[in-house]
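A.B. asks: I would like to see how this sequence folds:
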Amino acid sequence: MELKRGLGKALYGLFFVVLVPLFLIWWTLTVKVPFRPVHIPAIGFILSFIGLAIMVVGMWTIWKQGKGLPMNAYPPKKLVTGGIYWIIPHPIYFGFVMICLGLSLGFGSATGLWLTTPVVLLACIALVLGHERIYLLKEFGKLPHPLLSFSLISKPIVYLFRLDKLWKGILSFTERVANSWHAKRIGPVRIISHGIFAGLAGGIGAFFVILLSGPEHILSVSILLVAGILGAAIMGQLLVGSSNKLSRPFGYFGGVLGIVIAGIIISPFEKSMLLILAAFAFSGPFVQAIGRVRCLVQGCCHGGLAPKSSGIIINNKHSRAFALANLGGRPIYPTPLYSIIGNIFIAIILVFLWSISAPLTLIGGSYLALAGVVRFVEEGYRGEPLTKIILGLHIYQWFAVIFFIAGMVLMMFNSSNAPAVSSSSLLPALITGIIYFLMCWFALGVDFPESKFRFSRLSG
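C.D. replies: Below you'll find the predicted structure:
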């Protein structure tokens, strides 16, 4: 047993200390970005040296005070709050990001400065928020509060702009939306209020895909859109299942996988498939941000138990959080809200990249990597009882990691640049959007609650 554990630690260390840095170097040298480099050797190498020193001190402090190694898979036995951890939050990650920034400035690497460093920073933040913070609270019941922590530094800004009151207002509004489930019966048919958000998400997504790829690709886009719905339904059944085989859960990762698989299959007959898939990637954050409102009302993708100040309370008996997870009347994390906020930022980045005619693989890869970051954090606070946990992470967090890696790999391939939007695409895009709005509205907002047919019901 000890031999196996020692081998595991050695492989873990080899992966993060050797293989990950080597991959990042290779990745930085391979990916091209449409931005100018900044070359300041003296400052860059000084930053790298300071970052390395902070990392080494952080590792030594973990070993000395925590009685363990800086490994998430083999965490230290004690919570470390002294030494450098009293000053800098997460000094190992902090130092590594400084090294990336310093080397990028030192060697004048545009990719390193504008892509590698931000990606590493976001990955570290995701790991802290989506896993380490949750682990520390569960294991030790508290978090370190170093002198330079974000919460302490941001206090003057929060106070000045009343951001705490703004957040409370957002949570209050989110709670009202989460309890807004209602439906109208027309004979055996039930039209549920949240279907409008599913329709808008699908319709706006289809609109953007046709607008960006062109009306000549309507057939291919339509095939991929249908494949996305089927993939989402299949993934929902495989990972969540359905009560009495009647309900219809849908899975985001299955939707993306369905689109990609369909794209690969028909790519021999569609020479512009990369453009189409990049257009789907562009539409992704818009679809997610709007679709998550439907999740909020439906109660799927809901959070786990949360402190009262950080949560929302669901009292609507039709919500999955109330009916299936028995979390009604108790504060839970507003995980769909986290997803909405994250996808708004992703959308801003993708709009910028398309507007400057960035390479299609950079746009598609950026979406996958950023979506993986946002999803990893969100999934850490999810509370569905049916979600599988594998090696300490929710199964969807592993999917998020795969998305992140796939996005990085995709960015390494050369491609043509994003084309300008043509005004001739506007009307066909609008018509396609309306058709797909109706399809998604029906699939995710209309059901037959008294029926005994398979997948006839969306909720209780």
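A.B. asks: Tell me where the chain is predicted with low confidence.
C.D. replies: Regions of the chain meeting the criterion pLDDT under 70 cover residues 1-5, 239-249, 454-455, 460.
A.B. asks: Which stretches in it count as strands?
C.D. replies: Secondary structure of the chain by DSSP state E: the strands cover 183-186, 189-192, 312-313, 331-332, 389-390, 393-394, 446-447.
A.B. asks: Sheet partners, orientation included, of the first one?
C.D. replies: When pairs are called by DSSP bridges, strand 183-186 turns out to pair with strand 189-192 (antiparallel).
A.B. asks: can you check the third one too?
C.D. replies: The strands that strand 312-313 pairs with in its sheet are strand 331-332 (antiparallel) (by DSSP bridges).
A.B. asks: Kindly report the domain assignment for this protein.
C.D. replies: Residue ranges for the structural domains of the chain, counted by automatic domain parsing, are given in the record as 2-153, 191-447.
A.B. asks: pretty sure Gln288 is in contact with Asn343, am I right?
C.D. replies: Yes. In this structure, Gln288 sits in contact with Asn343. The criterion is Cβ atoms under 8 Å, and the distance is 4.5 Å. All C-beta spots, glycine's among them, are computed from the backbone N, C-alpha and C.
A.B. asks: Now do the shared contacts for the two.
C.D. replies: Overlap between the neighbourhoods of Gln288 and Asn343 consists of Ala371, taking contacts as Cβ atoms under 8 Å, 6 or more residues apart in numbering.
A.B. asks: mind listing what Ser339 touches?
C.D. replies: Residues counted as contacts of Ser339 (Cβ under 8 Å, 6+ apart) are 288-289, 292, 295, 301, 374-375, 378.
A.B. asks: circling back to that earlier point, got the strands of the chain as CSV, with distance to Gly68 and mean neighbour count columns?
C.D. replies: Below are the strands of the chain laid out as CSV (distance: least, Cβ to Cβ, whole Å; neighbours: other Cβ atoms under 10 Å):
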stretch, distance to Gly68, mean neighbour count
strand 183-186, 53, 11
strand 189-192, 50, 18
strand 312-313, 36, 20
strand 331-332, 32, 22
strand 389-390, 22, 9
strand 393-394, 19, 20
strand 446-447, 51, 20
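A.B. asks: Which among those is found nearest to Val226?
C.D. replies: Taking Cβ to Cβ as the criterion, Val226 comes closest to strand 446-447 out of the strands of the chain, the separation being 17.4 Å.
A.B. asks: and Leu370, which of the strands of the chain is closest to it?
C.D. replies: With Cβ to Cβ, the closest approach to Leu370 among the strands of the chain belongs to strand 393-394: 19.0 Å.
A.B. asks: for the closest one, packing partners?
C.D. replies: Contacting strand 393-394 under the criterion 3 or more Cβ pairs under 8 Å, 6 or more residues apart in numbering; DSSP states H and E is no other helix or strand.
A.B. asks: Pull the residues that contact that strand.
C.D. replies: Residues from elsewhere that reach strand 393-394, judged by Cβ under 8 Å, 6+ apart: 131, 379-380, 382, 387-388.
A.B. asks: how does it look with 10 Å?
C.D. replies: Counting contacts by Cβ atoms under 10 Å, 6 or more residues apart in numbering, the residues outside strand 393-394 that touch it are 72, 130-131, 376, 378-382, 384, 387-388, 400-401.
A.B. asks: May I ask which of the residues you listed has the most neighbours?
C.D. replies: Looking at those with neighbours defined as other Cβ atoms under 10 Å, the largest count falls to Glu378 at 29 neighbours.
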